[in-house]
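>>> Got a predicted structure here, sequence first:
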Amino acid sequence: MDYRKITKFAAITALSLGLSACAELTDGLSAINGTLTGINSGMAGSGAGQAKDTLSLGSKSTAQYELKNLKMLVVQRGGSYKGAIPQADITFTGEALNKTNRLIVVNVTVPIYDKQGYYVSAVSTDIHIPPKEKVKIDNFRTTLSLTDDNRFNIQKTQYHATTY
């Protein structure tokens, strides 16, 4: 009989220690989850909260090449810490066709202006089009600092083709 009481007591003790450990583990995991939530909210633009703008640059056709449905995807990432200048990822998409027998590299440059109309910077991409070929454009260009006052001016987009 003594062994049954000792066994019951040991089982009850083990069960209560196990439940206590589970409660502590749950509290620890809750604290970690709260920390990760704070980190994610501090990193503006991470995940689904990113602001995306698609700017259509249209189509351009010359005797040498043709660009169709050229677009610039701007993903606002925000600053990575308090007081940081917001960051933006730039990706160009579309299609290109080379009408010649030589390699063509088309440089597309989109200027950036501040709210007062002053030129600030530009973002550009190079599109390599083999002879007599059609290619898909999906060029991730850069991450750049873009304050709220700065804007892309797609009407002043410049195209420069170099033939090799």
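In hand now; what should we look at?
>>> shaky segments in the protein?
1-3, 5, 9-11, 14-50, 78-85, 148 (pLDDT under 70).
>>> one more time with 80, if that's ok
For the chain, the stretches flagged by pLDDT under 80 are 1-52, 77-86, 141-149.
>>> beta partners for the closest residue to Arg151 other than its chain neighbours?
Leaving aside its chain neighbours, Arg151 sits nearest to Tyr113 (5.9 Å; criterion: C-beta to C-beta, 6 or more residues apart in numbering). To be clear about C-beta, it is placed using only N, CA and C from the backbone, and glycine gets the same treatment. Beta-bridge pairing of Tyr113 under DSSP bridges involves Tyr119, Arg151.
>>> Tyr113: neighbour count?
Residues lying near Tyr113 (other C-beta atoms under 10 Å) number 17.
>>> unless I'm mixing things up, it is touching Asn153, no?
Yes. Tyr113 is in contact with Asn153 according to C-beta atoms under 8 Å; the separation is 5.3 Å.
>>> for the residue nearest to Arg151, what are its contacts?
Contact analysis of Tyr113 by C-beta atoms under 8 Å, 6 or more residues apart in numbering lists 119-120, 150-151, 153.
>>> ok, then the element right after the longest strand along the chain?
Longest strand in the chain by number of residues (criterion: DSSP state E): strand 65-78. Counting by DSSP states H and E, the next helix or strand C-terminal to strand 65-78 is strand 87-98.
>>> Starting from that following strand, tell me which strands it pairs with and how they run.
Applying DSSP bridges, strand 87-98 is found paired with strand 65-78 (antiparallel), strand 134-145 (antiparallel).
>>> of all these, which gets the most neighbours per residue?
With neighbours defined as mean count of other C-beta atoms under 10 Å, the strands paired with strand 87-98 peak in mean count at strand 65-78, which reaches a mean of 18.
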